[in-house]
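> Turn this into a structure:
(2 chains, ligands or ions: 1)
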Amino acid sequence: MGAFAYVAPTTVAEALGVLEEHASQGKRAQILAGGTDLLVQLQSVDRTPRTIVDIKKLEEANRVEVGADETFVGAAVASAVLNENEELKQRFPGLIEAADLIGSTQIQGRATIAGNLCNASPAGDTIPALIAIGAVCVIASESGNRELAVEDFVTGVGTNALQDGEFLVGLKIPNPPARTADAYLRFIPRTEMDIAVAGAGVALTLDDAGTCTAARVSIGAVAPTALLVTAAADALVGTSVDDDALAAAAAACSAAASPITDKRGTVEYRRKVVGVLCKRAAAIARDRAQA
Amino acid sequence: MAEAVDYKVVGTRPIRPDGVDKVTGRAQYGADLNLPNMLYGKVLRSPHAHAKIKSVDVSKALAMDGVYAAVSGADFPTAAHGDIGGEGGGDVADVAKNVMARDKVLYHGHAVAAVAATSQSIADAALAAIDVEYDVLTPVLDVDEAMADDAPLLDENCFTANLPEKPDKPSNIAAVMQLARGNVEEGFEAADVIVEGDYNIPMAHQGYIEPHACTATINEAGQATVWCCTQGHFEFRSMTAKLLGMEIADLKFIASEIGGGFGGKTVVYLEPLAVLLSKQSGRPVKMMMTREDVFRATGPTSGTHCKVKVGAKKDGTLTAATAWLAYEAGAFAGAPMGPGAMCVFAPYELENFHIEAFDVLVNKPKVAAYRAPGAPQAAHAIEVALDDLARQLDMDPIDLRLKNAVSEGTQASYGPKFPRIGFKECLEAAKAHPNYTKPLPEGAGRGVAAGFWFNVGMQSSAEVHINENGSVIVVEGNPDIGGSRASMCIMAAETLGVEYDSVRALVGDTESTGFSNVTGGSRTTFATGMAVIEACEDIIAQCKARAAATWGVDEDQVEWEDGQAVPAPGVNADVKPLSLADIAASAHKTGGPLLGRASLNAQGAGASFAVNICDLQVDAETGKVDVLGFTAVQDAGRAIHPDYVEGQMQGGASQGLGWALNEEYIFDKNGVMENAGFLDYRIPVASDLPMIDCEIVEVPNPSHPYGVRGVGETPIVAPLAAAANAVRDATGVRVNDLPLSPPRLLDAIDSAE
Ligand SMILES: Cc1cc2nc3c(=O)[nH]c(=O)nc-3n(C[C@H](O)[C@H](O)[C@H](O)COP(=O)(O)OP(=O)(O)OC[C@H]3O[C@@H](n4cnc5c(N)ncnc54)[C@H](O)[C@@H]3O)c2cc1C
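Numbering: from 1, shown residues only, chains lettered A, B, ... in the order given. A predicted model of the protein is given here:
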């Protein structure tokens, strides 16, 4: 394992101070949430020395609020905590099912959604789910908090929009309108302990007649970053989310994907499967919204 | 099926003696031993799959603080040629070069140097300071490519063995093997239906959970002790002695508990290095592989290309068959093409056949044994072809196999006449099994396949000590991979006529018990079990002698019944029976402690057959397979401890299904394995598999006192084809190559539409 120093600030200001100090001296500081990506990387691919800044002692990063106007999930909240939050599950079943796909019970005791997002793997499971529900990043910096839509946060494989001295405090999600629901599906060759070959998150709203009035579709693991596929959403809006609409949305996802061939799947395979996942996730979201 | 024999302990399911330590984490595995002043040894591995080594310079590494030893190929004696026995076999010189490359690296990950340092991070830094100059060569990465006329050569001195004449030029084909009988052409002419298939299976790893690890220490007198996880510490001792030019008596090997081996821990990798590093540093040295090392540098099983052709009459009678079987050996000769050739048609009566097999060098890790080495790949080919044949004949696949099944007296395709075997019994049990006729869910498919493995005997030793209260200690020399200590205790208890709980078994080190070949070839419960039984019989003979002396009668006037010495029928002696405890309690007065022993080269290993039924479903839009049910039927001869027989059957089914569905070595064009970890080398996780249903068939092996056949290897032979045949049944599409991974299956389904 690489050499590192460890600090655990207790206020956001203190944390920002540590980041700022390192940035100004050209030294490396890295945020630690659950550490389920970070520790693995520290042991294998990336062993350069650094200061690890643990955010688990920050009150704001531990806050979960399922509020009247919006939902806030602090950046240090472990998936296991989210999985047990009935209100949250009710409101964003797709996001919670994405978080619940990450690792085993033990991993979920540590892993966070924010960590999954900041790690910026093309295959991160919660990212398409967050994009589908229109989640917004709350970013702390010395000049105050700034906000950025999740779809704009990940900038490439393993990179994100955080500037030196900034960190993600939490995620804000607008309240879904009535008869709105989300769903997330990923494909892996096994049942567990695997990395998404493709993933799709869908959120949609139905009117009383069952016609889709709004939709957001996001796909993962088929491009350097998760994509918001407006063409797929457009294929659903104005329909009853019937088979034709699902097929059109699936085709739009396959078209939007720009996957690679690697040990986990081929270009052709990922294109096809991401469409299938979109279709199936949209059908689940539709059924949930109707219920 | 089972013959009515009244056993008291054989066939029961007591708790294994090593269980509590294993489930509480107390058990000591290969990496668990730490010694004062111990150093950490690490290996520098080749970044190229094929290259000449121009030079290796370890001087900078040696000069670093905290580095106490650094070695490369030049520090090893030149090993003589000759065979290393057992399953971990091969040529001594090849094993030596595999452990540490000399003039050439032959696969990515091949060891080129090793260091020992006070910490793992210093050792890592020392490895980075070693200078190696390579002349990079073109790698040869697949069996067909390697067999091509113009293929680059791994070994310029490799002339195909077993040909009538030495070939005039070298090639990558290390050896060929042929088996033939009758007239194949006439056989095919007599056939009403002929099926043919061409099957590719990539390399697969055993996937044992415990990576290789050892600790070695050597003193100034040159006496070394090595603790390691191994399937055979005696053979590790002799390999290490040969590779280092040491006297066998100067090496003591202690086998730790072992977290899986499946054949892969029959070969040395780290042990000779650790001894050499300890010698150079004067300190104990521990070496541990990472999972990545295990994948890149230990022996998986061969990737194969097989072609099979089978002809049959309308009634299903086979008339002729041919097999062409090419096995990747990896970097050095020794692919299991022999067993593959001998197994391919072994379950079937065939008057006309021709089998040709090849041992082919490729720039990949040197293969090692993996459960029934060579058989699963060959069985996949024939069992898929038979499935196609059954479909063409519109015949039940079990009936087709029953029609042609070998039985006692049949001349096996590999030579000898079969003694009593249980293949027909297995087929009948499978056919009668409720799972065979259970309705399938919509869209699901069912596949059937059969499997065969010879099993082996080989050498074993055992001692039985009777404690002063009559309790029993069994000492044997076979690392316990699958519950064998429990089986030894059962056989000892049954033979002596005592309770299971009064018997303990332990695996002695190389200085505490007699020589024993590896735990491999499904031989331990059979052969070492025989040694234990004979050692118990030795105890019984001694007890009878002591009872006779006590009673003042002749030895032949005493019998052993239910754990007691009793007067033989008709002997007029007014005495109380003497139990083992009674005799032990008075042993000091009757000649001293009771110690029984036996050593043998076990003959008459009994072949074990299996029939598997696999139910699965394929998602037509993603190509993903869900295994719904799996039924393993196997002839165990006699299940000494049925839990551990079922454990072998379930484990073999799990590994076989993983191999069939997702496992494969993926190499890039430079020969670098791309999936050297459990994330992307996908062995099944628990939730991927249904409960494997087991039916143990018992057709006793006449050569074993309790009828034992080996059961450890046969279970992995049939699942590959059973799964492939179920996929065919579910989708209507025949996919000949493995693994049946989602991309391959979806592609096949889509192309068939
Ligand atoms: C066994 C196992 C199984 C897994 N399975 C999955 C899976 O199925 N799907 C999946 O997507 N992932 C999986 N993962 C990866 C990992 O668990 C997830 O990505 C997890 O959500 C990461 O969260 P974390 O809190 O542990 O992040 P950490 O490891 O703490 O951080 C990850 C990265 O994000 C940065 N970071 C974290 N928080 C912040 C912040 N607030 N501000 C700025 N930067 C931050 C860190 O510096 C680091 O670079 C698995 C990991 C393991 C070990």
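> Run through the residues that contact the closest residue to residue B:158 other than its chain neighbours.
With sequence-adjacent residues excluded and distances taken as CB to CB, 6 or more residues apart in numbering or on different chains, residue B:158 is closest to residue B:170, at 5.0 Å. Quick note: C-beta positions are derived from backbone N, CA and C, even for glycine. Residues in contact with residue B:170 (CB atoms under 8 Å, 6 or more residues apart in numbering or on different chains) are B:153, B:155, B:156, B:157, B:158, B:159.
> can you check residue B:391 too?
Going by CB under 8 Å, 6+ apart, residue B:391 touches no other residue.
> before we move on, which element is it in?
Taking DSSP states H and E as the criterion, residue B:391 maps to helix B:375-393.
> Ok, residue A:6 next?
Here residue A:6, judged by DSSP H and E, is contained in strand A:4-7.
> quick one: buried residues of that strand?
residue A:4 (16 or more other CB atoms under 10 Å in any protein chain shown).
> Excluding chain neighbours, what is closest to residue B:125?
Nearest residue to residue B:125, sequence neighbours excluded (CB to CB, 6+ apart): residue B:64, at 6.7 Å.
> what secondary structure does the one you found sit in?
Classification of residue B:64 by DSSP: H, G, I helix; E, B strand; the rest coil places it in coil.
> Give me the number of neighbouring residues for it.
Residues near residue B:64, counting by other CB atoms under 10 Å in any protein chain shown, number 17.
> got the contact list for it?
B:117, B:122, B:125, B:126, B:129.
> separation between residue A:245 and residue A:183?
As for residue A:245, its distance to residue A:183 is 15 Å (criterion: CB to CB, to the nearest Å).
> So which of those two has more stuff around it?
Each of residue A:245 and residue A:183 has its neighbours counted (other CB under 10 Å); residue A:183 has more, 27 against 22.
> So which helix or strand of chain B has the lowest pLDDT on average?
strand B:83-84 (a mean of 63; mean pLDDT, DSSP states H and E).
> and the chain, what are its domains?
Since you didn't name a chain, this refers to chain A. Per automatic domain parsing, the domain ranges recorded for chain A read A:4-54, A:60-174, A:196-290.
> other chain: chain B
Under the assignment automatic domain parsing, the domains of chain B span B:19-26+B:459-600, B:39-137+B:210-259+B:265-297, B:304-455+B:606-752.
> The ones you listed: which one's closest to the ligand?
Between the ligand and the domains of chain B, the shortest separation by CB to the nearest ligand atom is 8.2 Å, and it involves domain B:304-455+B:606-752.
> now that closest one: mean pLDDT?
Taken as a whole, domain B:304-455+B:606-752 has a mean pLDDT of 97.
> and that domain, is it in reach of the ligand?
No - using CB under 6 Å from any ligand atom, domain B:304-455+B:606-752 never reaches the ligand; the gap is at least 8.2 Å.
> which residues touch residue B:523?
Counting by CB under 8 Å, 6+ apart, the residues that residue B:523 touches are B:455, B:456, B:457, B:458, B:460, B:517, B:602, B:605, B:710.
> at 6 Å what do you get?
Counting by CB atoms under 6 Å, 6 or more residues apart in numbering or on different chains, residue B:523 touches B:456, B:458, B:710.
> pLDDT wise, what is it at?
96.
> do the same with residue A:183
On pLDDT, residue A:183 comes in at 98.
> for it, helix, strand, or coil?
In three-state terms, and counting by three-state DSSP, residue A:183 is strand.
> before we move on, what about residue B:329?
With three-state DSSP as the basis, residue B:329 sits in strand.
> What's the local residue count around residue B:330?
Neighbours around residue B:330, by other CB under 10 Å: 27.
> What residues sit buried inside stretch B:24-35?
By 16+ other CB under 10 Å, the buried positions in stretch B:24-35 come out as B:27, B:29, B:30, B:31, B:32, B:33.
> ok, so of those residues, who is nearest chain A?
The closest of the buried residues of stretch B:24-35 to chain A turns out to be residue B:31 (CB to the nearest CB; 16.1 Å).
> can you tell me which helix or strand the closest one belongs to?
Using DSSP H and E, residue B:31 sits in no helix or strand.
> Look up how far the ligand lies from it.
Per CB to the nearest ligand atom, to the nearest Å, residue B:31 is found 21 Å from the ligand.
> wouldn't that residue be in contact with residue B:288 here?
Yes - counting by CB atoms under 6 Å, residue B:288 is a contact partner of residue B:31 at 4.8 Å.
> shared neighbours, those two?
Common neighbours of residue B:31 and residue B:288 (CB under 6 Å, 6+ apart) are residue B:213.
> Is residue B:447 in a helix, a strand, or coil?
strand.
> which residues touch it?
Applying CB under 6 Å, 6+ apart to residue B:447 gives the contacts B:614, B:722, B:725, B:726, B:729.
> Can you list which of those residues are found in helices?
Taking DSSP state H as the definition of helices, the contacts of residue B:447 contribute B:722, B:725, B:726, B:729.
> Which one (most neighbours) among those?
Within the ones in helices among the contacts of residue B:447, neighbour counts (other CB under 10 Å) peak at residue B:722, which reaches 35 neighbours.
> Go ahead and confirm that residue touches residue B:612.
Yes - using CB under 6 Å, residue B:722 is in contact with residue B:612, at 4.1 Å.
> Spit out the residues that contact these two alike.
The contact sets of residue B:722 and residue B:612 overlap at residue B:449 (CB under 6 Å, 6+ apart).
> separation between the residue nearest to residue B:158 and residue B:391?
Counting by CB to CB - residue B:170 and residue B:391 are separated by 44 Å.
> Quick one: low-confidence residue ranges for the stretch 1-150 of chain A.
Low-confidence segments of the stretch 1-150 of chain A, defined by pLDDT under 70, are located at A:1-2.
> Can you pull the residues of it lying near chain B?
Counting by CB under 6 Å from any CB of the partner chain, the stretch 1-150 of chain A comes close to chain B at no residue.
> the helices in the stretch 1-150 of chain A, which residues?
Assigned by DSSP state H, counting those that start in this stretch, the stretch 1-150 of chain A shows helices spanning A:12-24, A:38-43, A:79-83, A:86-91, A:93-101, A:105-108, A:113-119, A:126-132, A:150-153.
> Can you check which of those helices gets nearest to the ligand?
helix A:113-119 (2.2 Å).
> what about the residue nearest to residue B:158, is that helix, strand or coil?
Three-state assignment for residue B:170 (three-state DSSP): coil.
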